[in-house]
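[1] next input, structure requested:
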Amino acid sequence: MNLEELLRSHGLKSTNTRMAVLELFQSGNKVWSNAALLKELGDSFDRVTLYRILGMFEEHGLIHKIPDSNGNPSFALCKHEEHHHNHNDHHVHFKCLQCESVRCLEVPFPEVHIPSGFKAMKYSYLVEGICPGCQK
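    Coordinates of the predicted model:
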């Protein structure tokens, strides 16, 4: 599926700015911080435009926000789903500490018991370690 089709399959129109951001996400299994994306995209983007695109991509199921071990948000394209109507953020992400790739793992999401009176809205589960490729 090309980038334009991918955007359309998630209910988004294709624009040059969206295509440029999506192209970076499709270029590998990399986690992108706001700062890294801005640096890679250069002077043609401002942080507000990027922030809006990332929010839209997350809302439509193209990317996932993944907090690192310090709580700082990064973003990754999860390739386990083709269409946003199947989108499910309740899965485990694995981040390789050597190559920094991030992958969705199709393993059971750990059960979390929330105390009475609290309402969970989002879950995030990140496992950090060394991927099979880096272990060779």
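
[2] when you work out contacts or count neighbours from here on, use the C-alpha atoms and nothing else.
    OK.

[3] need the residues that contact the helix ranked longest in the chain.
    If you go by DSSP state H, the chain has its longest helix at helix 47-59. Around helix 47-59, the neighbours that count as contacts under CA atoms under 8 Å, 6 or more residues apart in numbering are 18, 21, 34, 38, 63-65.

[4] tell me the secondary structure at residue 66.
    strand (DSSP: H, G, I helix; E, B strand; the rest coil).

[5] what's the answer for the one 5 residues further on, then?
    At residue 71, secondary structure determined by three-state DSSP is coil.

[6] burial measure for it, as a count.
    8 (other CA atoms under 10 Å).

[7] cool, residue 37 as well?
    19.

[8] quick check: it vs residue 20, distance?
    Using CA to CA, to the nearest Å, we find residue 37 at a distance of 10 Å from residue 20.

[9] for residue 53, same thing?
    Distance from residue 53 to residue 20, by CA to CA: 10 Å.

[10] how far off centre is stretch 125-136?
    Taking CA atoms, centre = their mean, to the nearest Å, one finds stretch 125-136 lying 17 Å from the centre of the chain it belongs to.

[11] mind listing residues that contact it?
    Contacts for stretch 125-136 (CA under 8 Å, 6+ apart): 66-68, 91-99.

[12] name the residue in residue 53 and residue 20 with the higher neighbour count.
    When neighbours are counted by other CA under 10 Å, residue 53 and residue 20 differ, and residue 53 comes out ahead with 16 against 13.

[13] what would the contacts of helix 47-59 look like in JSON lines with secondary structure?
    Below are these laid out as JSON lines (three-state DSSP):
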{"residue": "18", "secondary structure": "helix"}
{"residue": "21", "secondary structure": "helix"}
{"residue": "34", "secondary structure": "helix"}
{"residue": "38", "secondary structure": "helix"}
{"residue": "63", "secondary structure": "strand"}
{"residue": "64", "secondary structure": "strand"}
{"residue": "65", "secondary structure": "strand"}
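
[14] how close does the residue lying farthest from the centre of the chain sit to residue 110?
    Here the centre of the chain is the reference, and by CA atoms, centre = their mean the most remote residue is residue 116, at 30.4 Å. Taking CA to CA as the measure, residue 116 falls 19 Å from residue 110.

[15] all good on my end, thank you.
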